[in-house]
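Chemist: give me coordinates for this.
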Amino acid sequence: METDSLTQLSQLMAGSDSLVGRTEYLTTPFVAAGDRVYMIGAQNGQFPDLGWHVKGEMGGVWDHPIKLLDGFTAAINLEGNSFCLDQAETFINYPFANKHLFSFPENDLRVERFQYVPDGKEALLVEYTFNNDGSEPLKLNFEWTAYTDLRPTWLGDSTGMVDAVDFAQWDEDRHAWVAKDSLNGWYVMTGSTIEPVSHGQPSTVCNYKPAGKGTRAATVYTLEIPPHGLMVLPITIAGSYQSLDAVRETFYSARRDAAKNLIDKKQRYEAIASKTRLTIPDKKLQTAFRWVKYNTDWLVRDVPEIGRGLSAGLPDYPWWFGVDNEYALQGAVATGRADLARNTVHLLHRLSEDRNGNGRILHEASTNGYVFNPGNINETPQFVTMVWQVYLWTGDRKFLATYYPTVKLGLKWLMEQNDKDNNLLPDGFGMMEIHGLNSEMVDVAVYTQLAFANAADMATEMGEPEVAKSFWATSQKLKSRINSDFWVAEHDSYADFISTPSQALVLIKDAIIRADSLRKPWAVAELREAQKRYQQLPPDRKQGFVMHHNWVVNTPMQTGVADTAKALIALRTGRQFVNPYGMFVTGIDRDESAGKDTSSFAKNRKVFSYTGAVMTLPTGVQAIAENNYGRPDQALDYLKRISRSFSYALPGSIYEVSPDYGMMTQAWNLYALAVPIVEQFFGILPRASQKRVRIQPLMPTAWNTAGLENVEIGENRLTVHFSREAKAQQLVLEQTLPEWKLTVAYPAGRFQKWEVNGKAVKVKRVGAFDTAEVEGVKVVVRVE
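Modeler: Modelled structure (predicted):
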């Protein structure tokens, strides 16, 4: 069905999720997302200069590895009055589309701008609906102008992509503009199904002057809107970095199939919502959980010549990262996106092999395939854990066999090339991108320990018992070392890093300057006192130092490697470095107002910086850490802090830096919510290769009822409904493959009476848990 003036795409949105933006954030970004093309503009309808990776150029319409448009303008001339559609009064966000509402009551006119990106197409559909609220016909001229900027993505020059001046030509047969970069086969095409009355240079009604080497192409339409009626004008934008024929074909097919493609996309997003469907008493957290699944899909980047995978964040990180995905994909497999996990792992692995060839996993690669950073030290062990998690959820032995050789090679590189003193603690940068923090970092040690434990399990699966034994031995040695060498009793915390005092004294000078410039007197005093102590230490004796109170000091609890006694002390210490939105990335950035400060983080930022940031990742890590030591109420508190940022600036999304700074949507948000909810509160711990699932609930006391439906584990689909009354708990378990074994587990001795389908059963003590093994399509387990 081809869109025309009688077909309104936005009517097809009936019944879809939607959220209305806050008026005070209309000047901030939104995204119309697609896997091939996406558009970033402001909620008020403008296209301001955005971003810093390519300064001021990260907004607009992108078809990676190139940009198509800086944006577009729309101007109306009505009864001698002219105005620009750049001050929307309302912004409405859908999971897969957006709408801007403009109102001109003095002219009895309302205008809606609706847009969406079809799946798998290098195209964007924009629809304007003109509503006449008066009793007389309205006749107006509508001028739509595309501002091209056919330019390469970040690091394009590293692969020979050279930007040149654009030029545009009018295609009379298609009533469309076609613009081309003068030196490259990069094209963008714009036009409508409605025949224009003129085309050429735009008027000056909309004062929009983007930077770059693009050109402007305006088209004017005369529209007549009946009394109390409406008229629809569709615009199609298509791109290609291949050929003129390709852009023409995309333009035609996207326009022809606009309604069908929108219905298909709507159905696909309904399927996303239906997987791992959460029902809990906390409706804001429930909504945030559903929308973070949508957000994840916004970040899928598909560049056929390079690969398909989950990018990190928008607007400034629309390409692929090792570490971001090593968190995010663990949430993806827990929310029914095993397809995305497989594709992304394949992409990261291939790019890493092409760049490194030694098992080292990259940090960051642009969408033109150029690897910017070959990999920080933590990313190689975290890749091991990510692969293992995907295998646990999918049971895909071919997947495991494909990446197991890289796992072994990566661990060899990790220990032979980065552990100079052979103490099992690799040296180098981990998660904290602070200058000089590249000694023996706590997060690198912790993730290395977990990687060896996971690799031992992989080796067992792959029939290599001696390798498994060796990997397990290394993991246990590292566990002991982490709990001895990194623990700093005087600070009730694990150390940020291990180094010599002489190295620490260099770092502490920078830390004092940082704390002083941020006006954190408590941190300055603490650091200066520590400086005096460090000066008295033997300069070359290595030890652990607590200096920045970075969030990574909590990673021993995140992975569960910390001794319980130390963990409970360290978790209490960690709660000192929070604000209402979560954990500070760097604890010394906290001040006395942090405990109750709910104001904007972005408001007073003039230069892009993460200094002083509270982020979702460390907050999610802290929730996971609390759950690992049987503290779901504390874990829920951290998740509620994250949910306070939900829809704060962009309706339906959670910013990278809480509540409204950095990336407007971020991949690892899925990890921060999905892992603690799915794997810990509901306790779903799969072993798909064995057709087994362990259910080990750890529900917050505030949730007396909770449900998680349609959880994909291999070929099986599991639903868990939890209820609690007085001292009893009940689980209703349903699965599509009745032959799968389900093991229900609770802490040993907690419940004295167990019933399965109304009949008393004896439980089996396994380690610290009482367990009952059940099977069937539907099973009811009651304990009290």
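Chemist: domains of the protein?
Modeler: What the record gives for the chain is the domain set 9-270, 682-783, from automatic domain parsing.
Chemist: between those, which gets nearest to Pro521?
Modeler: domain 9-270 (30.9 Å; C-beta to C-beta). Heads up, the C-betas are built off the backbone N, CA and C, glycines and all.
Chemist: and the end-to-end length of that closest one?
Modeler: One end of domain 9-270 to the other measures 17 Å (C-alpha to C-alpha, to the nearest Å).
Chemist: what is the mean pLDDT for it?
Modeler: What domain 9-270 shows for mean pLDDT is 97.
Chemist: the stretch 201-350 of the chain: strands as residue ranges?
Modeler: For the stretch 201-350 of the chain, strands defined by DSSP state E, counting those that start in this stretch occupy the ranges 216-225, 230-240, 277-279, 300-303, 307-310, 313-314, 320-321.
Chemist: Ala238 is in contact with Leu125, isn't it?
Modeler: No. Using C-beta atoms under 8 Å, Ala238 is not in contact with Leu125, being 9.8 Å away.
Chemist: angles on the backbone of the most centrally placed residue in the chain, please.
Modeler: Note on the chain: the residue nearest the mean C-alpha position is Ala667, at 1.2 Å, using C-alpha atoms, centre = their mean. With angles defined as degrees, to the nearest 10, Ala667 sits at phi -60, psi -40.
Chemist: intersection of neighbour lists for Ala238 and Leu125?
Modeler: Ala254 (C-beta atoms under 8 Å, 6 or more residues apart in numbering).
Chemist: circling back to that earlier point, in TSV: the strands of the stretch 201-350 of the chain, plus mean neighbour count.
Modeler: Shown next, in TSV, are the strands of the stretch 201-350 of the chain (neighbours: other C-beta atoms under 10 Å):
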stretch	mean neighbour count
strand 216-225	20
strand 230-240	24
strand 277-279	18
strand 300-303	21
strand 307-310	23
strand 313-314	26
strand 320-321	27
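Chemist: could I get these as JSON lines with distance to Ala341?
Modeler: Putting the strands of the stretch 201-350 of the chain into JSON lines (distance: least, C-beta to C-beta, whole Å) gives the following:
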{"stretch": "strand 216-225", "distance to Ala341": "41"}
{"stretch": "strand 230-240", "distance to Ala341": "28"}
{"stretch": "strand 277-279", "distance to Ala341": "19"}
{"stretch": "strand 300-303", "distance to Ala341": "12"}
{"stretch": "strand 307-310", "distance to Ala341": "8"}
{"stretch": "strand 313-314", "distance to Ala341": "18"}
{"stretch": "strand 320-321", "distance to Ala341": "13"}
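Chemist: who's in contact with the closest residue to Ala649 other than its chain neighbours?
Modeler: Counting by C-beta to C-beta, 6 or more residues apart in numbering, Ala649 lies nearest to Asp660, which is 4.0 Å off, once chain neighbours are set aside. By C-beta under 8 Å, 6+ apart, the contact set of Asp660 is Tyr25, Thr28, Ser600, Phe601, Ala602, Ser645, Tyr648, Ala649.
Chemist: distance check, the third one against Tyr648.
Modeler: What it means is Ser600. From Ser600 over to Tyr648 the distance is 8 Å, taken as C-beta to C-beta, to the nearest Å.
Chemist: now for those two: what residues contact both?
Modeler: With C-beta under 8 Å, 6+ apart, Ser600 and Tyr648 have common neighbours Pro659, Asp660.
Chemist: so these two - more neighbours on which side?
Modeler: Between Ser600 and Tyr648, counting by other C-beta atoms under 10 Å, Tyr648 is the more crowded of the two (20 against 14).
Chemist: three-state assignment of the more buried one?
Modeler: Under DSSP: H, G, I helix; E, B strand; the rest coil, Tyr648 falls in the coil class.
Chemist: ok, now which ones touch Asn554?
Modeler: Tyr494, Ala570, Leu571, Gly574, Met583, Pro618, Val621, Gln622, Ala625.
Chemist: the fourth one: how many residues sit nearby?
Modeler: The local packing count at Gly574 equals 27, with neighbours defined by other C-beta under 10 Å.
Chemist: cool, and the third one?
Modeler: Leu571: 20 surrounding residues under other C-beta under 10 Å.
Chemist: for the first one, same thing?
Modeler: Counted with other C-beta under 10 Å, residues neighbouring Tyr494 total 31.
Chemist: ok, now which ones touch Glu106?
Modeler: No contacts exist for Glu106 under C-beta under 8 Å, 6+ apart.
Chemist: circling back: which of the contacts of Asn554 fall in strands?
Modeler: Cross-referencing the contacts of Asn554 against strands under DSSP state E gives Tyr494, Met583.
Chemist: which one of the contacts of Asn554 is nearest to Asp396?
Modeler: Using C-beta to C-beta, the contacts of Asn554 come closest to Asp396 at Val621, 26.9 Å.
Chemist: just checking, the closest one touches Pro556?
Modeler: No. Judged on C-beta under 8 Å, Val621 makes no contact with Pro556 at a distance of 10.9 Å.
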